[in-house]
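**Student:** fold the stuff below for me.
(one chain, ligands or ions: 1)
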Amino acid sequence: WLLGHMGMVRSTEEGLQNVDNLVGQYHHCCVWWIAPWQPVLRLFHPDTLRPVLLASAFVAPKDKLFYGFLKPWLGDGLLLSHGRKWARHRRLLTPAFHPDTLKSYVGIFNRSTEIMHAKWWREAAGAPVVLDVFEPLALLTLDTLQKCIFSHDSHCQERPSKYIAAILELSALVVRRQQRLLHHPDWLYRLSADGRRFARACAAVHGFTAAVVQHRRRELERLGHQAWLEGHQGRSMDFIDLLLLAKDEDGRDLSDEDISAEADTFMFEGHDTTASGLAWLLYNLACHPHHQERCRQEVRELLKDREVEEIEWEDLSHLPFTTMCIKESLRLHPPVTAVSRRCTKDITLHDSHVIPSGTTCLLSIYGTHHNPSIWPEPQVFDPLRFSPENTQGQSPLAFVPFSAGPRNCIGRSFAMAEMKVVAVTVGCFVGVFPLSRALEGPRVLLKVLLCRRLSGSGAPGAAASAAGAGPQLQELHPQISQVIAVASSVAFSVESGSSAAPPPRPRGHRSGDPRAGSFSR
Ligand code: HEM
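**Tutor:** Next comes the predicted model:
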């Protein structure tokens, strides 16, 4: 009677299975009570998502209930701002994600992936090692973001970085705060050990960002626009540069605080989402070696006769099957499981029902992607769902890993480009296989056959074909020198079968669904 459905909130596999059950039972939506006075309308069908997601950002703004804990860290960045400020910043920031800008980041994606490979390779040098696949991927995405946003190389993939450690700590603390009701009031949280750690980590992150922004601003003012731009020769513009130069229609630019908030937002929003997407992609390809091999063939075909084994921007649109695998993985395991909105006006649904003004809506991305009335056999990993024939006539809101409407993900193309480069580069040299038995209790273990040539000669083909043919190749192919077991720390054993068992979650899978959730947005 007091806490309504709150007692059913689970940040576990069980929580997500509960969402599957709800979707199976109600198909479109249902109401949840999280206190006697606080209903939450849960939506999980394109028809019910449409009027809310596509409503103007003023009619259905973000709900403070689910986003408030990020405020001291991300300030008024794009994710949390609202009203006119959000609209102005969204306009100013959109050109920073134009393909012409993103193009220049592809080299960074390639090199960051190479660093991860080199590290895996070194770690495998002595004896087989067990790695958690999520951690290196999170460091990789943080590394690329720091380079693309600040043009700063902290070498965080190879040695500890205080700034990166602070971001990882903040992300973990926000999730923990959400799960502890006693930590919800700000004054209590400030007094707690977690609250003090949060404040310290925030200060470290803000200090770094402010120093970069202020330094660049001083340079810009000292040199003037033209000389400043010429000074960039040899280094492409990063996000900070673009935001410093951005001006709205009245010629007003962004303040240093605004730029810092946006940079902090990109660092947060872009790292664990992309890392989680990549971890799941590796997992799904590991469980389906035939799809993995088809991706590898596609990459080999693309890279054949190339002297430099580097993926370029133009290549990204020539990877149809790999792209289908990425999409299917994002469908089955969306890194952000739900987003929330608060209706400021009555909103009419497709069947004339009305969502009254003031209602909090939780739009379940996970639920929509698992809705059997939209996706036949939703638990099965089938990349061909995204083939051109099969997507004809599909509702654009049936697949929404990046949300949709005015507040959709501004970093979508950045994330897709990075995931393709990492997938292709890893897929080319590394065969990923689920281990036949769990080594350390109930965890998913993926075996990665590292088969990059030791000689460092040019063609990727030999290495790629070695990886594709399966674990027995270790005996057959001299280039395979080592086996690495990559562990994803989730409570699920591959041996028990990928479709029969509950879907696993590597760390970093954000869940905004209160029933399932570890991280609400
Ligand atoms: C696989 C990777 C990613 C996924 C699945 C993802 C997903 C999402 C989703 C679902 C939203 C909507 C949030 C809401 O309505 O509350 C969102 C918003 C946002 N994302 Fe992403 N994202 C990814 C990568 C990125 C990257 C790489 C960046 C930046 C470099 C980024 C920046 C943002 C920002 C700034 C917003 C807020 C946009 C606004 O409200 O106007 N995201 N993202």
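**Student:** so what's the nearest residue to F150 once chain neighbours are set aside scoring on pLDDT?
**Tutor:** Nearest non-adjacent residue to F150, counting by CB to CB, 6 or more residues apart in numbering: V212, 5.1 Å away. C-beta here means a position set from N, CA and C on the backbone, and glycine is covered the same way. pLDDT recorded at V212 is 92.
**Student:** correct me if wrong: V212 contacts S154.
**Tutor:** No: taking CB atoms under 8 Å as the definition, V212 is not a contact partner of S154, at 11.8 Å.
**Student:** give the contact list for the residue of the stretch 401-521 of the chain found nearest the ligand.
**Tutor:** Across the stretch 401-521 of the chain, the shortest distance to the ligand (CB to the nearest ligand atom) belongs to G411, at 2.2 Å. With contact set as CB atoms under 8 Å, 6 or more residues apart in numbering, G411 has these partners: 97, 266, 269-270.
**Student:** mind checking pLDDT for it?
**Tutor:** As summarised for this prediction, G411 has a pLDDT of 97.
**Student:** would you mind measuring from it to I365?
**Tutor:** Relative to I365, G411 is positioned 16 Å away (CB to CB, to the nearest Å).
**Student:** now D238: closest residue in space, sequence neighbours ignored.
**Tutor:** S151 (4.5 Å).
**Student:** ok, the one you found - how many residues close by?
**Tutor:** As a burial measure, S151 scores 18 neighbours (other CB atoms under 10 Å).
**Student:** need the pLDDT of E309.
**Tutor:** Looking at E309, the pLDDT reads 73.
**Student:** state the mean pLDDT of the helix or strand where H271 lies.
**Tutor:** Element membership for H271, per DSSP states H and E: helix 256-287. Helix 256-287 shows a mean pLDDT of 92.
**Student:** beyond it, next helix or strand please.
**Tutor:** As assigned by DSSP H and E, the chain's next helix or strand after helix 256-287 is helix 289-303.
**Student:** how far is that next one from where the chain is centred?
**Tutor:** Relative to its parent chain, helix 289-303 has a centroid offset of 23 Å by CA atoms, centre = their mean, to the nearest Å.
**Student:** and that helix, what does it pack against?
**Tutor:** helix 256-287, helix 320-332, helix 412-429, strand 430-434, helix 461-468 (3 or more CB pairs under 8 Å, 6 or more residues apart in numbering; DSSP states H and E).
**Student:** apply 7 Å and report the result again.
**Tutor:** Under the contact criterion of 3 or more CB pairs under 7 Å, 6 or more residues apart in numbering; DSSP states H and E, helix 289-303 touches helix 256-287, helix 320-332, helix 412-429, helix 461-468.
**Student:** now that helix - C-alpha only, CSV.
**Tutor:** The C-alpha trace of helix 289-303 is given here as CSV (Å, rounded to 0.1, in the frame of the first residue of the first chain):
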residue,chain,number,x,y,z
PRO,A,289,30.0,-18.4,-35.1
HIS,A,290,28.3,-18.6,-38.5
HIS,A,291,27.2,-15.0,-38.3
GLN,A,292,30.7,-14.1,-37.0
GLU,A,293,32.3,-15.8,-40.0
ARG,A,294,30.0,-14.0,-42.4
CYS,A,295,31.1,-10.7,-40.9
ARG,A,296,34.7,-11.7,-41.2
GLN,A,297,34.2,-12.6,-44.9
GLU,A,298,32.6,-9.2,-45.5
VAL,A,299,35.6,-7.5,-43.9
ARG,A,300,38.1,-9.5,-45.7
GLU,A,301,36.4,-8.7,-49.0
LEU,A,302,36.4,-5.0,-48.1
LEU,A,303,40.1,-4.9,-47.1
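**Student:** run the angle between it and helix 320-332 for me.
**Tutor:** 140 degrees (axes from the mean of the first three to the mean of the last three CA atoms, to 10 degrees).
**Student:** look up how far K62 lies from P334.
**Tutor:** Distance from P334 to K62, by CB to CB: 18 Å.
**Student:** meant to ask about T273
**Tutor:** On the measure of CB to CB, T273 and K62 end up 17 Å apart.
**Student:** kindly report the same for A227.
**Tutor:** Counting by CB to CB, the gap from A227 to K62 is 41 Å.
**Student:** ok, back up a step: so how far is the helix holding H271 off the chain centroid?
**Tutor:** Taking CA atoms, centre = their mean, the mean C-alpha location of helix 256-287 is offset from the chain mean by 4 Å.
**Student:** next up, the contacts around the residue nearest the centre of the chain.
**Tutor:** Geometric centre of the chain, nearest residue: T273, 1.6 Å, by CA atoms, centre = their mean. T273 sits next to 335-336, 415 when contact means CB atoms under 7 Å, 6 or more residues apart in numbering.
**Student:** okay, the residues you listed in TSV with distance to W313, pLDDT and neighbour count next?
**Tutor:** Putting these into TSV (distance: CB to CB, whole Å; pLDDT from 0 to 100; neighbours: other CB atoms under 10 Å) gives the following:
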residue	distance to W313	pLDDT	neighbour count
P335	23	93	25
V336	26	93	26
A415	15	98	22
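**Student:** contacts with the ligand among these, please.
**Tutor:** 335-336, 415 (CB under 6 Å from any ligand atom).
**Student:** around the ligand, which positions in this structure sit nearby?
**Tutor:** Counting by CB under 6 Å from any ligand atom, the residues of the chain close to the ligand are 62, 78-79, 90, 265-266, 269-270, 273-274, 277, 335-336, 339, 401-403, 407, 409-411, 414-415, 521.
**Student:** tell me the spacing between the residue nearest to F150 and P401.
**Tutor:** For V212, the distance to P401 - CB to CB - is 30 Å.
**Student:** who has more neighbours, these two?
**Tutor:** The residue with more neighbours, out of V212 and P401, is P401; 24 against 18, by other CB under 10 Å.
**Student:** the more buried one and P334 touch, don't they?
**Tutor:** Yes: with contact defined as CB atoms under 7 Å, P401 counts as touching P334 (4.6 Å).
**Student:** shared neighbours, the two?
**Tutor:** I365.
**Student:** now do the contacts for P136.
**Tutor:** P136 neighbours (CB under 7 Å, 6+ apart): 116, 119.
**Student:** what does K119 give?
**Tutor:** K119 sits next to 136, 157-158 when contact means CB under 7 Å, 6+ apart.
**Student:** give me phi/psi at R42?
**Tutor:** Backbone geometry at R42, expressed as degrees, to the nearest 10, gives phi -100, psi 120.
**Student:** so where's the stretch 301-450 of the chain uncertain?
**Tutor:** For the stretch 301-450 of the chain, the stretches flagged by pLDDT under 70 are 427-450.
**Student:** would you mark the buried spots in stretch 72-91?
**Tutor:** For stretch 72-91, the neighbour count (16 or more other CB atoms under 10 Å) marks 72-81, 86, 88-89 as buried.
**Student:** also stretch 346-363?
**Tutor:** 347, 349, 355, 359-363.
**Student:** skip ahead from the helix or strand harbouring H206 and say which helix or strand is next.
**Tutor:** Here H206 is covered by helix 193-223, with elements defined by DSSP H and E. Proceeding C-terminally, helix 193-223 gives way to helix 225-230 as the next helix or strand, assigned by DSSP H and E.
**Student:** give me the mean pLDDT for that next one.
**Tutor:** Averaged over helix 225-230, pLDDT sits at 76.
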